[in-house]
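A.B. asks: below: sequence and its predicted model.
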Amino acid sequence: MHRYFIFSLALIFSIHCLAQEASAPYKEVTQGLSDAFEAQNPREGLKILNRISGSIEQAGDSLQLEYLIASGIAHGQLGNADSSFYFLDQAEALSQKRSDDLLLIKVYNTKGLVLMGLSQYEEALSTFQKGLAIGDGRNEPKYLEAIRKILGNSGGIFYDLGDFEGALRQSQQALEISKALGDSSGLAYNHLRLAITYQAMDNIKNCLSHLNLSNAILTTLNDTTTLLYVQNTLGEVYTKARNYKSALQSYGNANRLAIAIANKEEELHTSLSIGNAYFNMGDNGSAEKIGLEVIAAATKNGMAEHRKNAYDILYRVAFKRNNLREALNFRNKYYALKDSIANEDVKSRIAELETRYETEKKKEQIIKLTLENKLNTANLARSRNAIIALVVGSALFILLLVVYFTMRYKKQQAEKEAQELQMEALKNRFIELHASPAQLAVELGFDEFNEKLTTHLTEREFETLKLSLEGKTNAEIADKLFISISTVKFHLRNTYAKMGVDNRKEAFQFMLKTS
């Protein structure tokens, strides 16, 4: 999920029409919408919205619009794009019917964010432009606020595309509107957007300045959810600056906030960050303790990704202690879990295909029986043969799809076995060199490595290379560095070109030769 998308949806919903309907029949709906807005967790917000859904049709168009938008936002925050569009399409139609321009801008803003979360950037920008066109020339505070939100969010698209100057320009415009309106939440969010952009540009000074401004405002607003992301980002910035003590403090703050809002996913994520901070500070005992605690919690909650990353911490601790047998054991568990996660994804897709096959098969049987009845009545033998041929052909086509994906799965299994053989060879190399690809990447210094190159790498390219050599996928690298997958690929292409290699394997061989 994109960092702009993570926090931008949180401030869209405001109680625009609640004061318009003050009579008794509207109390349940108005209170429900207010409670949903105040909820820090989108799942809790959805529970509240579902509770009032039975009364919403009798509450009038204005409250129904607020309900539809709030539902679309909540589903968008949870990554349920289809459900989000289901509610937002209804909200768009109702807004146009009522000629409610302000709420229509809100709809386009939310739709743009959901499209942005799906990496459909052109569609997202087009949707944002629709909202900006409606608000063009409107100077009323509510319209300026809506325009400010779209400007800030469109800056997120420029960010994901790597156009950081464009992201700064859009976010700065949004910040100026927030200042003019005296809008504290807008100031906090746009300072955060600017901080994230400066972080990507490696401008640590400006990044910390905007982060601290955002943190101060959000603390006053008691916006726990966004404070969590601010503290996480502070931890990342301090880690990059090798100020591990400050990073540990920020990650600790983020961990406490995650516990406060009962977000188990973020709780374990921040715990892993704390463990890494301890490791970087040389406190192997604390890092090991955190790793073991995360493994236990992740196992209990079925969070395989966090368990895998905890094994990586334990591996590095064991290697640091020169306990190679234990280090190799943890490394094997790491890769076994990584393969298991990948296999589960393949099995899930095959199961989905088989379900679709059975569904289509039943549909074909129903069609066949229906048409056969018509054929018997009309005595249309030729049509009957044609329909049977169609059914058989469709079934064969679906069967071929199943065979194709089954063969593909077997091929992946064969490739996995080949990788395991290669891994065995690397283990022997591991004993000889006393280092793994990950360890080589960890110990290799940025300046030291650039001395071996004609064209130097940037820090972001070097970080991307290190994560790639640790065995992380492009998606994992994107999540780790808070950039898009396309940006990861862009950095890797530049890195390989500067190293004079074509792929990760050759990059690793290059590092072995120069180590």
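C.D. replies: Looks like it arrived, so ask away.
A.B. asks: so where's the stretch 351-500 of the chain uncertain?
C.D. replies: 351-384, 418-444 (pLDDT under 70).
A.B. asks: so which residues of it form helices?
C.D. replies: Assigned by DSSP state H, counting those that start in this stretch, the helices in the stretch 351-500 of the chain fall at 381-433, 437-443, 446-450, 459-469, 474-481, 485-499.
A.B. asks: any chance of these in JSON lines, plus distance to E38?
C.D. replies: Glycine gets a C-beta too; all of them are placed from N, C-alpha and C. Listed next are the helices of the stretch 351-500 of the chain as JSON lines, based on distance: least, Cβ to Cβ, whole Å:
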{"stretch": "helix 381-433", "distance to E38": "46"}
{"stretch": "helix 437-443", "distance to E38": "44"}
{"stretch": "helix 446-450", "distance to E38": "46"}
{"stretch": "helix 459-469", "distance to E38": "38"}
{"stretch": "helix 474-481", "distance to E38": "29"}
{"stretch": "helix 485-499", "distance to E38": "35"}
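A.B. asks: of those, which is nearest S171?
C.D. replies: helix 485-499 (18.0 Å; Cβ to Cβ).
A.B. asks: tell me which of the helices of the stretch 351-500 of the chain sits most buried.
C.D. replies: helix 459-469 (a mean of 20; mean count of other Cβ atoms under 10 Å).
A.B. asks: for that helix, name the packing helices and strands.
C.D. replies: In terms of contacts (3 or more Cβ pairs under 8 Å, 6 or more residues apart in numbering; DSSP states H and E), helix 459-469 is packed against helix 437-443, helix 446-450, helix 474-481, helix 485-499, helix 504-514.
A.B. asks: now do the longest one against helix 504-514, angle only.
C.D. replies: The one in question is helix 485-499. Computed by axes from the mean of the first three to the mean of the last three Cα atoms, to 10 degrees, the angle separating helix 485-499 from helix 504-514 equals 40 degrees.
A.B. asks: which residues touch the residue nearest to N280 when sequence neighbours are not counted?
C.D. replies: With Cβ to Cβ, 6 or more residues apart in numbering as the measure, Y244 is the residue that lies nearest to N280, at 4.6 Å, once sequence neighbours are left out. Neighbouring residues of Y244 by Cβ atoms under 8 Å, 6 or more residues apart in numbering: Y238, A277, N280, M281.
A.B. asks: the third one against T239, yeah?
C.D. replies: Yes - taking Cβ atoms under 8 Å as the contact criterion, N280 and T239 are neighbours in contact, 7.2 Å apart.
A.B. asks: list residues touching both of these two?
C.D. replies: Common neighbours of N280 and T239 (Cβ under 8 Å, 6+ apart) are A247.
A.B. asks: so between those two, which is more surrounded?
C.D. replies: Using other Cβ atoms under 10 Å, the more surrounded residue of N280 and T239 is T239, with 19 against 15.
A.B. asks: distance of that one from N276?
C.D. replies: Going from T239 to N276 by Cβ to Cβ, to the nearest Å gives 8 Å.
A.B. asks: show me where pLDDT drops low in the stretch 201-350 of the chain?
C.D. replies: Under the criterion pLDDT under 70, the flagged ranges of the stretch 201-350 of the chain are 344-350.
A.B. asks: in it, which spans are strands?
C.D. replies: Counting by DSSP state E, counting those that start in this stretch, the stretch 201-350 of the chain forms no strands at all.
A.B. asks: for the helices and strands packed on helix 459-469, which one sits closest to L337?
C.D. replies: Nearest to L337, of the helices and strands packed on helix 459-469 and by Cβ to Cβ, is helix 474-481 at 12.9 Å.
A.B. asks: contacts for the closest one?
C.D. replies: Contacts for helix 474-481 (Cβ under 8 Å, 6+ apart): R460, E463, T464, L467, S468, K472, S484, I485, T487, V488, K489, L492.
A.B. asks: now those as CSV including distance to K410?
C.D. replies: Putting the contacts of helix 474-481 into CSV (distance: Cβ to Cβ, whole Å) gives the following:
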residue, distance to K410
R460, 39
E463, 36
T464, 33
L467, 30
S468, 28
K472, 26
S484, 33
I485, 27
T487, 34
V488, 29
K489, 28
L492, 29
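A.B. asks: I69: which of the residues you listed is nearest?
C.D. replies: Taking Cβ to Cβ as the measure, I69 sits nearest to S484 out of the contacts of helix 474-481, at 27.0 Å.
A.B. asks: I'd guessed the closest one sits against I157; true?
C.D. replies: No - assessed by Cβ under 8 Å, S484 is found out of contact with I157, at 10.2 Å.
A.B. asks: which of these two has more neighbours?
C.D. replies: Legend: neighbour count by other Cβ under 10 Å for S484 and I157, higher for I157 (26 against 18).
A.B. asks: in which helix or strand would I find the more buried one?
C.D. replies: helix 141-160 (DSSP states H and E).
A.B. asks: and that helix, how far out from the chain's middle?
C.D. replies: Relative to its chain's centre, helix 141-160 lies at 20 Å (Cα atoms, centre = their mean, to the nearest Å).
A.B. asks: again with stretch 405-415
C.D. replies: 28 Å.
A.B. asks: got it, and stretch 140-148?
C.D. replies: Chain-centre distance of stretch 140-148: 28 Å, with Cα atoms, centre = their mean.
A.B. asks: what does stretch 224-243 give?
C.D. replies: Its chain's C-alpha centre and that of stretch 224-243 lie 17 Å apart, by Cα atoms, centre = their mean.
A.B. asks: next, the buried residues of that stretch.
C.D. replies: 224-239 (16 or more other Cβ atoms under 10 Å).
A.B. asks: over to stretch 197-211?
C.D. replies: T197, Y198, Q199, A200, N203, C207, L208, H210, L211.
A.B. asks: tell me the one of those nearest S84?
C.D. replies: S84 lies nearest to T197 out of the buried residues of stretch 197-211, by Cβ to Cβ, at 25.6 Å.
A.B. asks: the closest one: what secondary structure?
C.D. replies: What DSSP: H, G, I helix; E, B strand; the rest coil gives for T197 is helix.
A.B. asks: if we can go back for a sec, could you give the angle of the helix holding I157 to helix 485-499?
C.D. replies: 30 degrees.
A.B. asks: which other helices and strands does helix 141-160 contact?
C.D. replies: Against helix 141-160 (3+ Cβ pairs under 8 Å, 6+ apart) you get helix 3-8, helix 101-117, helix 121-135, helix 164-181, helix 184-200.
A.B. asks: what is the mean pLDDT for that helix?
C.D. replies: Per-residue pLDDT over helix 141-160 has a mean of 90.
A.B. asks: and stretch 61-78, by the same measure?
C.D. replies: 84.
A.B. asks: and that stretch, how far from the chain's centre?
C.D. replies: That offset, for stretch 61-78, works out to 21 Å (Cα atoms, centre = their mean).
A.B. asks: could you list the buried residues of that stretch?
C.D. replies: By 16+ other Cβ under 10 Å, the buried positions in stretch 61-78 come out as 62-78.
A.B. asks: can you check stretch 98-107 too?
C.D. replies: In stretch 98-107, counting by 16+ other Cβ under 10 Å, buried: D100, D101, L102, L103, L104, I105, K106, V107.
A.B. asks: right, and the third one touches Y143 too?
C.D. replies: Spelled out, that is L102. Yes - if you go by Cβ under 8 Å, L102 and Y143 touch, sitting 6.5 Å apart.
A.B. asks: which residues outside stretch 255-273 are in contact with it?
C.D. replies: By Cβ under 8 Å, 6+ apart, stretch 255-273 touches 40-41, 224-225, 227-228, 231-232, 235, 247, 251, 254, 274, 290, 293-294, 297-298, 301, 303, 306, 309-310, 313.
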